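Engineer: any chance you could fold what I've pasted below:
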Amino acid sequence: MESKHAWAAGSDKPEIETIRIGFMPLADCAPVVMASVLGLDERYGIKFALSRELSWTGMRERLLGGELDAAHVLYGLLYGVHTGIGSQQRGMAVLMNLNQNGQNITLSRRLAAFAREPALLARLLHEERRRLTLAHTFPTGNHAMFLYYWLAAAGIDPLRDCQMATVPPGQMAPSLAAGHIDGFCAGEPWGQRALREGAGFLAASSERIWPNHPGKVLGTRASFADAHPNACRAMVAALLDAARWLDAARANREAAAEVLASPAYVNAGRELLQYCLAGRQPEGSAWRGHNGLRFYADGEATFPWLSDGMWFMTQHRRWGLLRSDPDYLAVAREVNRVQLYREAAERTGTPLPAEEMRSSVLIDGAVWDGRVALGAL
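Structural biologist: Okay, here's the model as predicted:
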């Protein structure tokens, strides 16, 4: 695949050629894996050395310890490290968003009666003084924050009414089937696996909680981004090409599912992954997967919106993970390397938005807009 946008010489030459990138076995690791498989990294003078990780905690430690240069990583995890929640504070950098949507909340079959009326579940818990055992994938991560938000919107206090557990994504469905947990929030294909094996049902897609919410990001240490700006631009460019390819045609999504099915990547059934990646009809020219999973969307799905990073910090503050209010906008500007992303986007012909903030209506009717929220915080 030839590209007029490639660069690998002169002042733009990447500072290093081989970049060690960690990923978790999830459907939304597709851009990272396919950029490597299709050789899109080599178009920009770099080579991805992919590392399949088993837990978000392990990935965090390998990223902070320098064993990984970058990672397909939870947005909320990266912000948690940057603000010093649960670990030593380290400056981190978001280079781009890797996907939108594609996560879900899955509950056990015995709770199926509450699927359409979560408020009834809240009443049951309060009347019987029961606590649910629910799992997420990392304490500051996306899945924890989406799960907490969904519960709170239904009148359930996630800290008082529930017992929370941290479980690696690939162990969610077996844990639910064994009765160790009552439900979980995780990325696909693990919710779909629980449904197909009869252990659970889809209570809410993450797209319903926050339409077109951010998912995983391409994250790295701030020190790495500062020392290797050309390599980081090359990474982003290769992943933008991969994201564009994934959203271009259903056949591409199905081909990606076949690759991801390998034990080297997600290690799940090909048909299951095809459903997760290509389970919806196209809207316009862009394909969306199960639960609205999208990767490119003319650059909307890849842009590192400042308001997205700010939202995770507000939720960390809401649930007591942050003990005081940071300067939300200043921190988001520090973490999200928007200028670096812009330069890579221009070189790949990726459209850029007019602003760095966006507005969304969440499941409880609240409007999230970083510009408006600044005045209310």
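Engineer: contact partners for residue 272?
Structural biologist: Contact analysis of residue 272 by Cβ atoms under 8 Å, 6 or more residues apart in numbering lists 189, 192, 193, 196. Glycine gets a C-beta too; all of them are placed from N, C-alpha and C.
Engineer: these in helices, which ones?
Structural biologist: Those of the contacts of residue 272 mapping onto helices are 192, 193, 196, per DSSP state H.
Engineer: of those residues, closest to residue 344?
Structural biologist: residue 192 (32.3 Å; Cβ to Cβ).
Engineer: if I look at the closest one, how far off is residue 24?
Structural biologist: For residue 192, the distance to residue 24 equals 16 Å [Cβ to Cβ, to the nearest Å].
Engineer: narrow the ones in helices among the contacts of residue 272 to those that are buried.
Structural biologist: 192, 193 (16 or more other Cβ atoms under 10 Å).
Engineer: looking at the ones in helices among the contacts of residue 272, which is nearest residue 31?
Structural biologist: Nearest member of those to residue 31, counting by Cβ to Cβ, is residue 192, at 19.7 Å.
Engineer: quick check, that closest one in contact with residue 273.
Structural biologist: No. At 9.1 Å, residue 192 does not count as touching residue 273 under the criterion of Cβ atoms under 8 Å.
Engineer: about what we covered before: and the ones in helices among the contacts of residue 272, which is closest to residue 360?
Structural biologist: The closest of the ones in helices among the contacts of residue 272, once distances to residue 360 are taken by Cβ to Cβ, is residue 192, at 24.7 Å.
Engineer: show the contacting residues for the closest one.
Structural biologist: Counting by Cβ under 8 Å, 6+ apart, residue 192 has contacts 104, 272, 275, 276, 290.
Engineer: and the nearest residue to residue 53 once chain neighbours are set aside, how many neighbours?
Structural biologist: Spatial nearest neighbour of residue 53, chain neighbours left out: residue 59 (4.3 Å); criterion: Cβ to Cβ, 6 or more residues apart in numbering. Using other Cβ atoms under 10 Å, residue 59 has 24 other residues around it.
Engineer: grab the nearest non-local neighbour of residue 241.
Structural biologist: Closest to residue 241 by Cβ to Cβ, 6+ apart is residue 40, at 4.7 Å.
Engineer: need the strands for the stretch 101-250 of the chain, in chain order.
Structural biologist: For the stretch 101-250 of the chain, the strands defined by DSSP state E, counting those that start in this stretch occupy 103-108, 132-136, 162-166, 183-187, 200-205, 216-221.
Engineer: helices and strands of this structure: which one bottoms out on pLDDT?
Structural biologist: helix 370-376 (a mean of 66; mean pLDDT, DSSP states H and E).
Engineer: mind listing what the nearest residue to residue 231 once chain neighbours are set aside touches?
Structural biologist: Of all residues beyond its chain neighbours, the one nearest residue 231 is residue 14 (4.0 Å), with distances taken as Cβ to Cβ, 6+ apart. For residue 14, the contacting residues are 8, 44, 45, 46, 228, 230, 231, 234, by Cβ under 8 Å, 6+ apart.
Engineer: out of these, which end up buried?
Structural biologist: Here, 16+ other Cβ under 10 Å leaves 44, 45, 46, 228, 230, 231, 234 buried among the contacts of residue 14.
Engineer: quick check, nearest of those to residue 86?
Structural biologist: The nearest one, if we look at the buried ones among the contacts of residue 14 relative to residue 86 and count by Cβ to Cβ, is residue 228, at 26.7 Å.
Engineer: quick check: the closest residue to that closest one other than its chain neighbours vs residue 190, distance?
Structural biologist: Nearest non-adjacent residue to residue 228, counting by Cβ to Cβ, 6+ apart: residue 15, 4.5 Å away. Going from residue 15 to residue 190 by Cβ to Cβ gives 37 Å.
Engineer: likewise for residue 353?
Structural biologist: Residue 353 is 32 Å from residue 190, by Cβ to Cβ.
Engineer: over to residue 69?
Structural biologist: 27 Å.
Engineer: over to residue 158?
Structural biologist: 20 Å.
Engineer: of the two, which one has the most company?
Structural biologist: More neighbours surround residue 190 than the other of residue 158 and residue 190, with 31 against 20 (other Cβ under 10 Å).
Engineer: just give the closest residue to the more buried one, not the sequence neighbours.
Structural biologist: Counting by Cβ to Cβ, 6+ apart, the residue nearest residue 190 is residue 172, at 4.7 Å.
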